[in-house]
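*Asks:* no sequence on hand, only this structure:
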């Protein structure tokens with residue numbers, strides 16, 4: 001199995017650049033009329049959360065193997081995008097900055113460092129805040145007034161935490177911790193331990209109370225990632241770990257017999273989805289390997305390995321991945337109708353999962 005995993009990782013690497021620079025026609029078409037910042041939409045073409053998560057997978061490949069070819073892809077990407085010019089700042093366009101922070105720490109490229117400081121400070125002072133000081137999930141095309149989304153932790157808060165460590169800014173670190181705690185307060189479902197996709201202070205509700213797969217997987221991955229980036233006091237660490245454990249217990253209950261998870265976790269009539277499955281499996285394995293949860297949970301992730309490998313084609317494309325998903329505001333059926341499409345984050349989440357198995 002190890003040989004198969006390593007071969008698959010090579011395939012994922014070979015296909016990565018193709019997917020990284022793949023046009024998202026639907027997003028760009030929408031941006032023609034819904035670009036909140038009013039800047040050049042070409043700057044968003046390959047600098048969004050979809051690329052951001054993909055880049056993080058490539059960084060993990062470099063971090064694990066120390067092979068320069070992975071770092072070179074990242075350096076080439078950032079130099080290319082800086083030449084084009086970066087888009088306006090929001091939660092989703094911050095996602096590529098997480099990997100840039102790691103690249104800066106490794107290369108000491110001051111241009112990268114200054115950008116990281118600029119974007120981290122923007123999160124602190126200029127990103128719109130909800131009541132109680134939450135990071136409003138501002139995106140390139142939607143204001144999402146007074147809304148908290150589970151995506152935000154992975155897309156922006158991990159970056160803030162990393163910058164706080166790199167630049168010795170305790171205020172940034174404390175803000176990252178607070179955002180995790182606040183998002184847990186309003187997004188964690190007390191009945192299941194899973195996470196709702198979003199919360200709005202405009203009416204104080206969780207929209208359609210969707211227990212969305214990939215959104216939940218951001219949380220599964222983000223908690224061990226955060227605890228690997230910063231040191232937290234014992235009480236906060238315990239709170240985060242117990243939140244994760246409660247979620248994983250519920251994931252055990254809802255795992256499909258195939259080993260995958262559904263795009264609506266508690267709805268077996270919704271399709272099984274690869275990016276969420278990889279995110280869950282990566283987060284679980286990382287939490288086990290980091291000593292956050294017991295080894296008995298490892299079997300959940302391992303059970304997902306065979307179907308995930310089966311969903312990776314011979315040309316390295318990860319299949320059965322749901323397209324970018326906005327907030328379901330009227331019915332849960334919305335999530336069941338999201339298009340299935342190859343995306344950079346699908347590639348990255350498969351990379352993260354497979355790397356954690358070897």
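*Replies:* Ah, there it is. Just so it is clear, the structure is predicted and the values come from calculations on it, not from any experiment.
*Asks:* going by neighbour count, which residues in stretch 298-312 are buried?
*Replies:* By neighbour count on 16 or more other Cβ atoms under 10 Å, the buried set for stretch 298-312 is 298, 300-301, 303-305, 307-308, 311-312. In short, each C-beta sits where N, CA and C put it, glycine included.
*Asks:* so which of these belong to helices?
*Replies:* Mapping the buried residues of stretch 298-312 onto helices (DSSP state H) picks out 298, 300-301, 303-305, 307-308.
*Asks:* near residue 196, how many other residues are there?
*Replies:* Using other Cβ atoms under 10 Å, residue 196 is surrounded by 23 other residues.
*Asks:* what do you get for the one 3 residues further on?
*Replies:* Other residues near residue 199 number 23, with proximity taken as other Cβ under 10 Å.
*Asks:* so it sits in a strand?
*Replies:* Yes. The assignment for residue 199 is a strand, going by DSSP: H, G, I helix; E, B strand; the rest coil.
*Asks:* which residues are in contact with it?
*Replies:* Residue 199 is in contact with 147-148, 186-187, 205-207, counting by Cβ atoms under 8 Å, 6 or more residues apart in numbering.
*Asks:* quick check: what element follows the host helix or strand of residue 3 along the chain?
*Replies:* If you go by DSSP states H and E, residue 3 is part of helix 2-20. Next along the chain after helix 2-20, taking DSSP H and E as the criterion, comes helix 25-34.
*Asks:* elements contacting the longest helix seen in the chain?
*Replies:* Taking DSSP H as the assignment, the helix of the chain that covers the most residues is helix 234-254. On a contact count with 3 or more Cβ pairs under 8 Å, 6 or more residues apart in numbering; DSSP states H and E, helix 234-254 meets helix 170-187, helix 213-229, helix 274-289, helix 298-310.
*Asks:* next, the angle helix 213-229 makes with the longest one.
*Replies:* It refers to helix 170-187. 150 degrees (axes from the mean of the first three to the mean of the last three Cα atoms, to 10 degrees).
*Asks:* helix 170-187 - contacts with which helices or strands?
*Replies:* Partner elements for helix 170-187 (3+ Cβ pairs under 8 Å, 6+ apart): helix 110-125, strand 147-149, helix 158-166, strand 198-200, helix 213-229, helix 234-254.
*Asks:* could you do the third one as well?
*Replies:* Based on contacts counted as 3+ Cβ pairs under 8 Å, 6+ apart, the elements that helix 274-289 packs against are helix 213-229, helix 234-254, helix 298-310, helix 344-357.
*Asks:* mind running it again at 6 Å?
*Replies:* Judged by 3 or more Cβ pairs under 6 Å, 6 or more residues apart in numbering; DSSP states H and E, helix 274-289 is in contact with helix 213-229, helix 298-310, helix 344-357.
*Asks:* identify each buried residue in the first one, please.
*Replies:* Spelled out, that is helix 213-229. Per 16+ other Cβ under 10 Å, helix 213-229 contains these buried residues: 213-227, 229.
*Asks:* distance from the chain centre to stretch 174-191, please.
*Replies:* For stretch 174-191, the separation from the chain centroid amounts to 16 Å (computed by Cα atoms, centre = their mean, to the nearest Å).
*Asks:* likewise stretch 316-334?
*Replies:* That offset, for stretch 316-334, works out to 14 Å (Cα atoms, centre = their mean).
*Asks:* regarding that stretch, how distant is the last residue from the first?
*Replies:* With Cα to Cα, to the nearest Å applied, stretch 316-334 spans 29 Å between its terminal residues.
*Asks:* tell me which residues of it are tucked away?
*Replies:* 316-318, 320-322, 324-325, 327-328, 332, 334.
*Asks:* looking at it now, give me its mean pLDDT.
*Replies:* Averaged across stretch 316-334, the pLDDT comes to 96.
*Asks:* who's in contact with residue 213?
*Replies:* 261, 263, 265, 273, 276 (Cβ atoms under 6 Å, 6 or more residues apart in numbering).
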